[in-house]
Each structure stands twice: as C-alpha cells, then as structure tokens.
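S.K.: okay, structure incoming, though there's no sequence with it:
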C-alpha cells in the first residue's frame, strides 16, 4: 500500500541521515545520538519487513543497552572534538570514494541481477511470521548450536571486558 | 517495496560505515561506524529472509546483533584501557606496526 | 714376467714410495724417508733391467709391446686408456732415469740431512721420478701429457721447496708458467693429430701417419711445431729457456736430477718418440735443428760470463740439450739419445760436486768468492774434474764420443745441416772453455778462507742467508737446514758420485765408431721406419769428426788455462775493453728484460686495470650495486605501504573488496 511505501522512504531517509550524522558530526556524543536515530529508522524498516521480534530486539537491546553503554564510555573518556578538516587528506578523500565505489558495484549487482525474486515483495506470509514464538522455536531446534555458541561468546566478551578494563594494583600512580 | 530497495539502502549504509571507519580518528566513532556496517548487513539479511519467506535470515540477524554487542564491549574495553594508560584517544597513535 | 709387467712395476715402486712417505712421514724417524725413497728407485731400476732382459728375449721385430691397464673411453675405433709402451726407447730412458735418480736419491739422503722438510723432499722427489717414468713409458698422447704435466708440477714443487725464500717461489712460478705454455702446445698438437688420424695411441698414429698426411702437410707441420713448443718449454730452449737458470733456486740434488739429467731431456725424448711425424714434416724438423743450434751458442756465450756456480752449469745444460735437440732433428736419433745418456752422467756429477763445494762454502754460490779447494776437497776435485773433462769432450771421455757423433751426422747430412754442425764445433770450443773456467776458478788459485778452514778440519759456518740477494734467513722449515754436507765427509754422497764418475769416463765406450754400436743397435727397432736415420756417416768420417772434436776441446781447455792460470788479469782487461759485451752476456742477452717488458708488464697493468675498473667499478659498483639498488628501491615501495596506520590498512581492504567485486561483476556479465 502507499502507506507502506511512504513509511519506507521516511524510515530509509532517517536511517541514512543517522548514518551520515555518525560520520560527519565532530562531537562523539552527537555521533552516538545520531546512531540511535539510525537504529530507530532501521527498526521501522524491520517492521515493514515483518520482522517484529527483531525490530523490538533492535530497539531494546541495541538502541537501549548497547548505545547507553557507549554513552557511558563517551562521558567517561570525554573525547575532544576533532578538527573539521582531517589533516591526512589522502585517506579522507580516497576512503569515501572507494567505499562508494563498492556501494555502486553492489547496486549494480543487485539491480542487474538475474534473480527475479528481487523484484517482488516476497511471498504472502502468515501472521506469525517473525513473531517471537517462531523465532524462539527456530532458535531451539534448527539453530541450537549458533544460539549456544552466541551465549558462550557473550560470556567470553564479558570476561574479556573485565580483564581489559580492570585496574592493575600498584601500577597506577 | 521490492526487496531491491532494501538491498540498495543496505549497500549505501555499508558504504557510509566504511568511509567513516577510514576517515575518522576517534576510536569511539570508528566503533560506531562498525556498528553501521553490521546493521547494514542485518538489513540485508532480513530483506532476504522476507524474500524467501523463511525466518532463518532473521535468526541470523539476531545472532549478528549478539556478536555486535560483544564486539562493542571489547572495543570499548580497549578504549578505556587506552585512556587509563594516558594514551591520546587517536587511532593514528597506535602505529607500532609501522615498518 | 713379461716386459710390460716390469713396466708397471717400474711405475709402481716410485708411486708406492711417495705414498708411504707422504702418508707416514710423522712416524718415520730420522733419515728413514730418504732410505725408503732411495730403495723405491732402486727397485724401479731393477725392474727396468728386468724389462730390458725380457725385451732382449724377443726377436727384433717384436720389441714394441703395449699394455693397457684400464680403458677410459672406447667409442668405435677410438680408444683411450692407461697404456704403456715398452720398447727399446722407453726402456733406455727408464734405465737412464731410474739409474741416475737412484744415485741422486742416495746423494740427497746425506745432502739434505738436517733440513726440516726432509720427508717432504723425498716424497716430492719420488713423485717426480714416477711422473718422469710415466712420461717415458706412455703409450698414447693422453698419458704422455699427463706425465708431462705431473713432471712440470713436480718441478714447481721442488724448485720452490724452500718455500719461505721469495726468490725460490718466484722461480718456481716462472718455471711453471713457461711449462704450461709448452703443455698447451702439446695438447693442441694432440688435438690436431687426433683430428686427422683418429687415434691418440702411439703405434697406430705412427704407422698410419703416412696415410693421413702428405709430406710437409700444413696441419702436420703445425702439429710438429706445437710439439716443438712443448719440447722447448720443457727442455729450456730458446725462447722458453728463461726458467732454467732461475730454477737453480732449488736444492742442488734437485738441479742435478730435474734440470740436468731427466726432466729437461723430456723434450729430446718427445721428438725422438714422434720422429715419424717429424720425418713427414721436414720444415718443423729444420726449425728444431736451427733453434737447437742457436740455443747451444747462446747458452755457451752466457756461461762464459756468469759467476754463480750453479748457473754456469745450468747454462751448460741448456747448451748441451741444444746439441741433443739438434741431433734428433737431424734424425741422428741414436747419437742424440747417446748424448742424453752421457750428459746425464757427467752433468749430474757436476751438480753433485757443486753441491759439495757450496756446502763447504756454507751456502755461498758465487765463484768470485771461491778458490783453491784442490787440497781441501780432493774427492770433490777429482770427480768434478772428471765431469768437466767429459763435458768438454776431452778425448776418450764419454762426452767426446757422444757430442762429436751428433756433429759428424750433421756434416754427413750436408747443406744447411753442415753449417749447423760447424757451429756445433764452435759451441764445443765454448763448452770446453767454460767448463774449465769453473774448474780453475774453484779449485785452483789461492785458497779462500773457507778452504783454509776446511784444510784445518772443520767446515765453515756463516749466517744463513739467501745466496742471491743476501737477505737473512733462519734454518727452520721452508729454508735450508743448518747442516752443510760435503762429499769428503758423507759416504752416501761419495757412493753416489763415484759410480757416476766411472760412468762419465767409460760410458762412451758403448758407441765407439767402427768398434761397437750398442745404443744404435738396441734402439734400431724403434727407428726402423725412419729413412733418414739409416743414412749414417761412414766410420772414417766419424773418426775424422772425433779427432777434430778432440782437438777443439783440448784447445778450449788450453785457452781456459791461459786465461785463468797463466795470465790472471786477462778477464779484467777484457771486461775493460768490452764492457758492453760483458753486460750483454751478463744479462743473458736481456731475455728476461725483454719478456718483462713484452709480457709481464702489460699483463700486470691489465690486471691492475681489471681490479680497479672492471672489478671495483663495474662489477662491484654497477652490477652488484645496481642489483642491490634495484632491490632496495623496490622494497622501499613495499615499505611505504607498511605505515602502521590502521586506517590506511582499512582503506586497502576496501580497495581490495572493490576490486574483487568489480572483477566478478565484469566476469558475470
């Protein structure tokens, strides 16, 4: 419906604007906020794609927890404003250039692809598509091992963070 | 909208993330741009999952989110360690691989 | 046992001697190495006699026996192997070489006593005798060249035996370089012969030479001239003679053995052995005769002036070998080889006597400082005089019969050869003069202090020094030992010189014209194919030649007596009247200076140029520096990428991804 298309464009523009904001804004605090905006836009897009659970997870976990963590660290460290023009001109010029080359190439790949399904909206799915129940069922049956591995990874990351950031007694003076 | 639109959008977000990684010097911002790239990947996964009509892509995206979280944790831990050791918060300072 | 088995034994004994001494020198005490070496050569001599006796058992036609120990290569008709040829010529040479070597080894046992390198000396000496015997017993050109090269190497080792003496080392190098020139000539000659005849074995080549080559064929003349180059280098003829006087730096027995009796006669042997080729290329033979004659005159004149005792004898050797070369180039093979034999006897004797005198003089070799040894050293005086008489060709001594036989042959051949022969008589006059120059200066006159000391009972003892330059030395290994030996006090030296003196007297009686012709008859089978050799002068003309020769020799001795005994100031007056002549002869006709300017200087200049420009600038700088420079420059590009900045690495990653994607896009379309 036209409503969905409009919503798509609004969300897309929001995501893009947020992404650009992350890269362009000098103050790291503002960059984090910009990323939050981007994440919200992305959550809307997920909803449009019938991924309700994922959209919720995105907002709650990603924007809610991870970004808050980020904000804490930014507040702790400070992060001075960078100068407007980065001094290493070469990297600043070629980086975006080649990045967009990759993007263009990917777009060409998608648009000129022979995969016809790309041109459709996708099959009709039932109401339970993307619901927590179905995702949960898949996680505990087909994708059990990735699920368990991911939890193990979380454990490792937590321990790693503690090790990295602990105070070493006697060395701090 | 057709799946192609989502994919194109994901490609552009990815490109913006890459350019950010290359051109920003503050490691915090670099990590943020890494998040951008991961999110772009997530978007593409979900779009394909909708295209196929199966939820495998969404599960994949969920796992990616978990990994992104872990990576943020470790990255921030490194930056905090840098700050604690009185190093300037600037990626260009960490150039011991120069040779 | 057959003659060829004896032939192998002749080779085996010196080789065994050398191996035993060189491997076991640490455990052989005192003079034992010397006795081992001497017995090895004695056994070789006995084996030569065995070969001789066995050979005489065969009939005259069957006296050329070949035996191959091991074939290296065999393709079709062409065969190369470790082959020896036992025939009258090689047995003759074996007898002379092993006999004289045995006596010289005996002499050296005493003479070299006290030298720190005693065992090394005898190992080298045995190696030399082995090489010389290999050379004369060779049955094909390959083994001949192998023996030739070994002999050159042994000569080098023995000349620079006192290796810490720089003059000796320089002399050794000079001898070796000139010998190598001869080796090259010989090798190229062998190639030329192989190319045309298709074989390198002596008997087939000589038998088929007439089929493959016409008379004075260009290739054959070239090959014979190259053989002559080899012969001249080894036998020290003009222009490759400059090494022999310098080779007197070696110990006196070495000079006696190598540079008088054996090695330098290798050239004569070579021409005699390859005589079928020379008879087919008369041009080359004529060249040989002319050079032989020129050499004998040149050396004779220089021997008149030089004052170092050993060098007078060295020039005398060059001169006498000139006679032999002239003889075998005339096709007077028997006469030439006969002179080779008698020369070996009296020249070795002269050198031994000289060694004894030098011992009495505590190492000094300058005749100006010698005199009046007649009473102090009677045995040496007697043997030396016998040697000088033989050298001068005094009637009834061995040299008389041998030298004048060559000249008689030349006169008989007529034409240009007669002229050469007459020049040979002039040379004989010079020979008689300078040989008695030596006798009168050393043994007659007022006794010098060393002689007086000796008469009182002890040998003079001076500071060890280089006799040519006067530099101080010590007596450790690499320099002569502290002891000085004279014949009167060492029985081995007497035991060696006695038989030689006897042979110098009676050695000529084996070929008295008209009475017997032992050597000629014995060597007949070898030279049976020569059409020139059988054209001998009649007995009458030979006797006339002998008489003329005898008269000339007495004349020469008389002149010497006049100059040195009756009117002692004659030499001084002559030097005043003709200083340029004295200088010219004293500098040996300036040959050394000529070679220095023409060969040595350009080569050393080029060497310096090579080192400075080619090596340092070009190779080091450009090629090596260029290579390293290129590597350095290209790696600096690679280093530029390793900036250490993470962002730059990230950029490179992206670049890679972009490239890959582009590639796949392009390929899939």
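M.R.: Yep, it's here. The model shown is predicted, which means the values in this text are computed figures rather than measured ones.

S.K.: does the helix or strand where residue A:18 lies come close to chain C?
M.R.: If you go by DSSP states H and E, residue A:18 is part of helix A:2-24. No: Helix A:2-24 stays clear of chain C (CB under 8 Å from any CB of the partner chain), getting no nearer than 13.3 Å. All C-beta atoms are positioned from the backbone trio N, CA, C, and that covers glycine.

S.K.: what residues of that helix count as buried?
M.R.: A:7-8, A:11-12, A:14-16, A:18-23 (16 or more other CB atoms under 10 Å in any protein chain shown).

S.K.: please name every helix or strand in contact with the very next helix or strand once past it.
M.R.: Proceeding N to C from helix A:2-24, the next assigned helix or strand is helix A:28-48, under DSSP H and E. If you count contacts as 3 or more CB pairs under 8 Å, 6 or more residues apart in numbering or on different chains; DSSP states H and E, helix A:28-48 packs onto helix A:2-24, helix A:52-57, helix A:67-77, helix B:3-23, helix B:27-52.

S.K.: show me what the next helix or strand after the third one is in contact with.
M.R.: By that I understand helix A:67-77. The helix or strand immediately downstream of helix A:67-77 is helix A:89-111, counting by DSSP H and E. Around helix A:89-111, the neighbours that count as contacts under CB atoms under 8 Å, 6 or more residues apart in numbering or on different chains are A:85-86, A:118, B:4, B:7-8, B:11-12, B:14-16, B:18-19, B:21-23, C:645, C:647-648, C:650-651, C:654-655, C:657-658, C:661-662, C:665.

S.K.: what's the angle from helix A:89-111 to helix B:3-23?
M.R.: Angle, helix A:89-111 to helix B:3-23, by axes from the mean of the first three to the mean of the last three CA atoms, to 10 degrees: 170 degrees.

S.K.: so who does residue B:4 touch?
M.R.: So residue B:4 contacts A:110, A:111, A:118, A:119 (CB under 8 Å, 6+ apart).

S.K.: would you mind giving those residues as a markdown table with pLDDT and neighbour count added?
M.R.: As requested, the contacts of residue B:4 are exported to a markdown table (pLDDT from 0 to 100; neighbours: other CB atoms under 10 Å in any protein chain shown):
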| residue | pLDDT | neighbour count |
| --- | --- | --- |
| A:110 | 87 | 19 |
| A:111 | 87 | 12 |
| A:118 | 78 | 19 |
| A:119 | 78 | 12 |
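
S.K.: give the buried residues for the helix ranked longest in chain C.
M.R.: Longest among the helix segments of chain C by residue count, using DSSP state H, is helix C:166-197. Using 16+ other CB under 10 Å as the test for burial, helix C:166-197 gives C:167-169, C:171-172, C:174-176, C:178-179, C:182-183, C:185-190, C:192-194, C:196-197.

S.K.: cool, and stretch C:374-382?
M.R.: For stretch C:374-382, burial by neighbour count (16+ other CB under 10 Å) applies to C:374, C:376, C:377, C:379, C:380, C:381, C:382.

S.K.: nearest to residue C:607 among the contacts of residue B:4?
M.R.: The nearest member of the contacts of residue B:4 to residue C:607, counting by CB to CB, is residue A:110 at 75.8 Å.

S.K.: and which of the buried residues of helix A:2-24 is nearest chain C?
M.R.: residue A:23 (13.3 Å; CB to the nearest CB).

S.K.: count of residues packed around the closest residue to that closest one other than its chain neighbours?
M.R.: Nearest residue to residue A:23 in three dimensions, chain neighbours excluded: residue B:20, at 3.8 Å (CB to CB, 6 or more residues apart in numbering or on different chains). Residue neighbour count, defined by other CB atoms under 10 Å in any protein chain shown, stands at 26 for residue B:20.

S.K.: what sits up against stretch C:540-554?
M.R.: Applying CB under 8 Å, 6+ apart, the set of residues contacting stretch C:540-554 from outside is C:392-395, C:400-401, C:403-405, C:407-408, C:411-412, C:425, C:428-429, C:431-432, C:513-514, C:537.

S.K.: picking up where we left off before, tell me what angle the helix holding residue A:18 forms with helix B:3-23.
M.R.: Following the same axes, to 10 degrees, one obtains 10 degrees for the angle between helix A:2-24 and helix B:3-23.

S.K.: show the contacting residues for residue 74.
M.R.: Looking at chain A here, since you left the chain open. A:28, A:29, A:32, B:28.

S.K.: my question was about chain C
M.R.: Applying CB under 8 Å, 6+ apart, the residues contacting residue C:74 are C:80, C:81.

S.K.: next, the angle from the helix holding residue A:18 to helix A:28-48.
M.R.: On the basis of the same axes, to 10 degrees, helix A:2-24 is oriented at 160 degrees to helix A:28-48.

S.K.: helices or strands up against helix A:2-24?
M.R.: By 3+ CB pairs under 8 Å, 6+ apart, helix A:2-24 packs against helix A:28-48, helix B:3-23, helix B:27-52.

S.K.: that helix: how far from the chain's middle?
M.R.: From the chain centre to the centre of helix A:2-24 is a distance of 13 Å (CA atoms, centre = their mean, to the nearest Å).

S.K.: residues in contact with it?
M.R.: With CB under 8 Å, 6+ apart, helix A:2-24 has contacts from A:30-31, A:34-42, A:44-45, A:48, B:1, B:5, B:9, B:12-13, B:16-17, B:19-20, B:23-24, B:29, B:32-33, B:36.

S.K.: quick one: average pLDDT of that helix?
M.R.: Averaging pLDDT along helix A:2-24 gives 93.

S.K.: number of residues surrounding residue C:294?
M.R.: Counted with other CB under 10 Å, the neighbours of residue C:294 add up to 17.

S.K.: what's the pLDDT at the residue in chain C that chain B sits nearest to?
M.R.: Chain C approaches chain B most closely through residue C:644 (2.8 Å), counting by CB to the nearest CB. Residue C:644 is assigned 78 on the pLDDT scale.

S.K.: any idea how far it is from residue A:91?
M.R.: Residue C:644 sits 13 Å away from residue A:91, going by CB to CB, to the nearest Å.

S.K.: more neighbours: these two, which one.
M.R.: Set residue C:644 next to residue A:91 and count neighbours by other CB under 10 Å: residue A:91 wins out with 19 against 13.

S.K.: distance check, that one against residue C:649.
M.R.: 11 Å.

S.K.: hang on, isn't the residue of chain C closest to chain B packed against residue B:97?
M.R.: Yes: when contacts are counted by CB atoms under 8 Å, residue C:644 is listed as touching residue B:97 (4.5 Å).

S.K.: tell me which residues of the helix or strand harbouring residue C:19 come out buried.
M.R.: Using DSSP H and E, residue C:19 maps to helix C:3-24. Neighbour counts over helix C:3-24 (16+ other CB under 10 Å) mark C:3-4, C:6-18, C:20-22 as buried.

S.K.: go on, stretch C:208-217?
M.R.: By 16+ other CB under 10 Å, the buried positions in stretch C:208-217 come out as C:209, C:212, C:213, C:217.
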